[in-house]
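Undergrad: Kindly generate the corresponding structure for this input.
(one chain, ligands or ions: 1)
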Amino acid sequence: MRVHGWREELYYVVSRVKIGTAVVVFPMSAPPFIRQAWCSTLQAALSVQGPRRVARARICLRTAHCGGGFMCGFVPSPKRWWWFVINTAPTNFFIMDALQPFVDQTRSFVKTSPWWISSLVALGSFGAARLAYQTLSVFLQTFILSGTSLRKFGAKKGAWAVVTGASDGIGKEFATQLAGRGFNVLLVARNAAVLSTVGQEIESKYPGTQTAIHTIDFAKADEAAYEAFARQVAALDVGVLVNNVGKSHAYPAYLVDTPLDEMRDIVQINVNATLRVTYSVLPGMIKQKRGLILNIGSFAGSVPSPMLATYSGTKAFLSTFTSALAEEVRQHKIVVEHVNTHFVVSKLSKIRHSSLLVPTPKSYVRSVLTKIGLACGAAYSGRPETSTPYWSHALLDWLINAVGMPWVFILYTHNLHKDIRRRALKKLAKTQ
Ligand SMILES: NC(=O)c1ccc[n+]([C@@H]2O[C@H](COP(=O)([O-])OP(=O)(O)OC[C@H]3O[C@@H](n4cnc5c(N)ncnc54)[C@H](OP(=O)(O)O)[C@@H]3O)[C@@H](O)[C@H]2O)c1
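TA: You can find the predicted model right below:
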């Protein structure tokens with residue numbers, strides 16, 4: 001075996017929040033009390049953030065003390081995750097050996113090349129390493145890490161979940177799965193009979209769960225309607241609000257060809273209802289010092305969508321609104337999240353069969369509820385508090401952001417919508 005240099009003499013303990021933050025390195029040959037002191041400091045820092053993580057961290061740290069090879073651990077948390085890689089045994093030096101030719105070649109390249117070429121290569125390597133790191137992080141968040149537990153928001157403690165647009169599609173599934181996870185549910189939509197049936201289904205599926213309904217037409221709701229809604233939620237301990245109700249265009253159309261009432265309804269439902277419902281629910285959450293607000297967004301909000309311009313604009317509103325509100329209410333321990341969604345099987349999408357990119361509401365909602373607090377595919381995209389949790393949507397979102405040429409996707413969407421409109425008009429003509 002070769003004699004190894006300083007690289008082999010190091011423990012790497014890396015604790016990080018975002019790219020470019022604290023990296024702590026200290027020598028393996030450091031006296032045990034220094035290693036102990038560092039591990040205790042890390043443990044203390046983690047203990048501020050919850051017992052489950054401390055337990056995991058402790059296991060990793062203990063292994064680190066004992067030695068025993070190359071070890072990699074990570075400690076998930078909703079807003080950040082900690083990870084560390086520790087090389088504790090010479091048996092793993094083969095990794096260093098494998099890398100050595102690359103290191104030697106790089107060294108000789110730097111020595112023999114003009115400074116500006118070396119600088120360009122260094123910049124390129126930094127970019128590649130950054131992309132690799134971010135991709136790994138997106139994969140970990142999407143496929144491995146679990147999000148914040150719903151218990152933090154009152155699950156199994158008698159708290160209520162308020163779900164708008166709960167009679168069908170994604171909203172109905174949110175209501176059902178939130179009941180399954182220990183919330184009572186307030187179902188909100190226009191049709192009392194349908195809502196009551198959904199309520200009965202939930203109560204028989206999850207005995208002990210209470211359901212209530214509230215009928216409101218968000219397209220036409222006036223002050224009196226919103227006051228009645230506010231009165232009903234004020235009487236409940238609301239732990240979760242899902243701003244799910246949404247309306248899209250009947251079919252793609254240029255703005256000048258869009259019926260005025262369709263445009264108005266989309267704004268009323270997607271923007272005004274979200275504002276007013278949130279406004280009614282927030283005071284109770286602030287009083288309870290806990291809450292989760294999920295705003296159901298769309299890829300049409302992140303990729304400007306010609307021929308669905310009004311829908312696209314209202315969904316973009318949700319993203320910025322969420323980021324701003326999340327910062328306002330963080331101090332009250334309320335989490336606000338914008339959930340970026342590609343197609344899901346539903347009446348709104350007019351897609352009846354699931355596929356790789358089009359999940360059923362059941363799998364889509366499961367992914368949302370298990371990834372609370374993790375950005376998944378929306379990580380590193382400059383959209384604070386946005387999450388793209390469903391795995392294929394996450395990979396697509398990550399790809400769109402990594403490519404970084406929005407006009408490509410806008411052009412693609414425009415052509416797609418021209419085609420959908422042509423087919424929709426043809427179908428309409430046949431039925432008339
Ligand atoms: N499905 C997708 O592919 C997809 C993709 C991206 C984003 N999203 C978003 O996901 C959310 C849910 O969509 P979905 O596909 O589940 O829709 P959906 O199947 O059409 O369900 C819509 C729900 O909203 C209710 N609703 C509609 N208009 C209403 C109004 N004026 N007042 C009160 N309630 C109303 C409906 O009940 P009533 O008709 O009985 O009132 C129903 O419960 C929307 O925000 C949508 O933009 C969906």
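
Undergrad: ok, residue 164 - how many residues close by?
TA: Using other Cβ atoms under 10 Å as the criterion, residue 164 is surrounded by 25 other residues. For the C-beta atoms, the positions are set from N, CA and C on the backbone; glycine is no exception.

Undergrad: thinking it is in contact with residue 171, fair?
TA: Yes - with contact defined as Cβ atoms under 8 Å, residue 164 and residue 171 form a contacting pair (6.6 Å).

Undergrad: Which neighbours do these two have in common?
TA: Shared contacts of residue 164 and residue 171, defined by Cβ atoms under 8 Å, 6 or more residues apart in numbering, are found at 189, 242, 244-245.

Undergrad: What is the three-state secondary structure of residue 179?
TA: The three-state label for residue 179, taken from DSSP: H, G, I helix; E, B strand; the rest coil, comes out as helix.

Undergrad: make that residue 344, sorry
TA: Classification of residue 344 into helix, strand or coil gives coil, according to three-state DSSP.

Undergrad: now residue 248
TA: At residue 248, secondary structure determined by three-state DSSP is coil.

Undergrad: quick one, what contacts it?
TA: For residue 248, the contact set (Cβ under 8 Å, 6+ apart) comprises 266, 300, 308, 311, 348.

Undergrad: Show me the shaky parts of the stretch 51-200 of the chain.
TA: Counting by pLDDT under 70, the ranges of the stretch 51-200 of the chain that qualify are 51-99.

Undergrad: Which parts of the chain are strands?
TA: If you assign secondary structure with DSSP state E, the strands in the chain sit at 10-13, 24-27, 70-75, 82-87, 160-164, 184-189, 211-215, 238-243, 291-296, 334-339, 386-387.

Undergrad: residues in the chain within reach of the ligand, list them.
TA: Applying the criterion Cβ under 6 Å from any ligand atom, the portion of the chain that neighbours the ligand consists of 165-171, 189-191, 194, 216-219, 244-247, 269, 296, 298, 341, 343-344, 346-349.

Undergrad: And those, which of them are buried?
TA: 165-171, 189, 194, 216, 218-219, 244-247, 269, 296, 298, 341, 343-344, 346, 348-349 (16 or more other Cβ atoms under 10 Å).

Undergrad: Select from those every entry located in helices.
TA: In this view, these that belong to helices under DSSP state H are 169-171, 194.

Undergrad: Centre-most residue in the protein?
TA: Ranked by distance to the mean C-alpha position of the chain (Cα atoms, centre = their mean), the top residue is residue 387 at 2.0 Å.

Undergrad: Please name the bridge partners of that one.
TA: For residue 387, the beta-bridge partners are residue 339 (DSSP bridges).

Undergrad: List the residues that contact it.
TA: Contacts of residue 387 (Cβ under 8 Å, 6+ apart): 337-340, 368, 371-376, 378.

Undergrad: Ok, residue 362 next?
TA: Taking Cβ under 8 Å, 6+ apart, we find residue 362 in contact with 173, 177.

Undergrad: Distance check, it against the ligand.
TA: Between residue 362 and the ligand the computed distance is 12 Å (Cβ to the nearest ligand atom, to the nearest Å).

Undergrad: same thing with residue 115?
TA: Between residue 115 and the ligand the distance is 50 Å, computed by Cβ to the nearest ligand atom.

Undergrad: That residue: how many residues sit nearby?
TA: With neighbours defined by other Cβ under 10 Å, the count for residue 115 comes to 8.

Undergrad: gap between it and residue 109?
TA: Taking Cβ to Cβ, to the nearest Å as the measure, residue 115 falls 12 Å from residue 109.

Undergrad: ok, now residue 393?
TA: Summarising the geometry, the distance separating residue 393 from residue 109, computed by Cβ to Cβ, is 41 Å.

Undergrad: between those two, which one's more packed in?
TA: residue 393 (26 against 12).

Undergrad: For residue 271, list the residues it contacts.
TA: Each residue near residue 271 by Cβ under 8 Å, 6+ apart is listed here: 314, 317.

Undergrad: make that residue 173, sorry
TA: Applying Cβ under 8 Å, 6+ apart, one finds that residue 173 lies in contact with 361-362, 364-365.

Undergrad: Sitting in helices, which of those do you find?
TA: Counting by DSSP H, the members of the contacts of residue 173 that fall within helices are 361-362, 364-365.

Undergrad: got a list of what residue 342 touches?
TA: Neighbours of residue 342 in contact, by Cβ under 8 Å, 6+ apart: 298-299, 357-358, 390, 392-393, 396-397.

Undergrad: ok, now with 7 Å
TA: Contact partners of residue 342, counting by Cβ atoms under 7 Å, 6 or more residues apart in numbering, are 299, 357, 393, 396.

Undergrad: Same question for residue 247.
TA: Residue 247 makes contacts with 265-266, 269-270, as judged by Cβ under 7 Å, 6+ apart.

Undergrad: which one of those has the most neighbours?
TA: Using other Cβ under 10 Å as the neighbour criterion, residue 270 leads the contacts of residue 247 with 27 neighbours.

Undergrad: Tally up the residues packed near the nearest residue to that residue once chain neighbours are set aside, please.
TA: Of all residues beyond its chain neighbours, the one nearest residue 270 is residue 314 (3.7 Å), with distances taken as Cβ to Cβ, 6 or more residues apart in numbering. Residue 314 has 26 neighbours, counted by other Cβ under 10 Å.

Undergrad: Then the one 3 residues further on?
TA: Using other Cβ under 10 Å, residue 317 has 18 neighbouring residues.

Undergrad: Roughly how far does it sit from residue 376?
TA: When distances are taken as Cβ to Cβ, residue 317 and residue 376 turn out to be 22 Å apart.

Undergrad: go on, residue 192?
TA: According to Cβ to Cβ, residue 192 and residue 376 sit 36 Å apart.

Undergrad: Check residue 114 too.
TA: With the distance defined as Cβ to Cβ, residue 114 ends up 42 Å from residue 376.

Undergrad: Looking at the two now, which is surrounded by more residues?
TA: Remark: of residue 114 and residue 376, residue 376 carries more neighbours, 29 against 8, as counted by other Cβ under 10 Å.

Undergrad: now what about stretch 397-405, what contacts it?
TA: The set of residues that contact stretch 397-405 without belonging to it, under Cβ under 7 Å, 6+ apart, is 131, 138, 303, 340, 377-378, 381, 388, 409.

Undergrad: Can you check these and name whichever has the most neighbours?
TA: Using other Cβ under 10 Å as the neighbour test, the contacts of stretch 397-405 are led by residue 388, with 36 neighbours.

Undergrad: so how far does stretch 252-272 reach from one end to the other?
TA: 22 Å (Cα to Cα, to the nearest Å).
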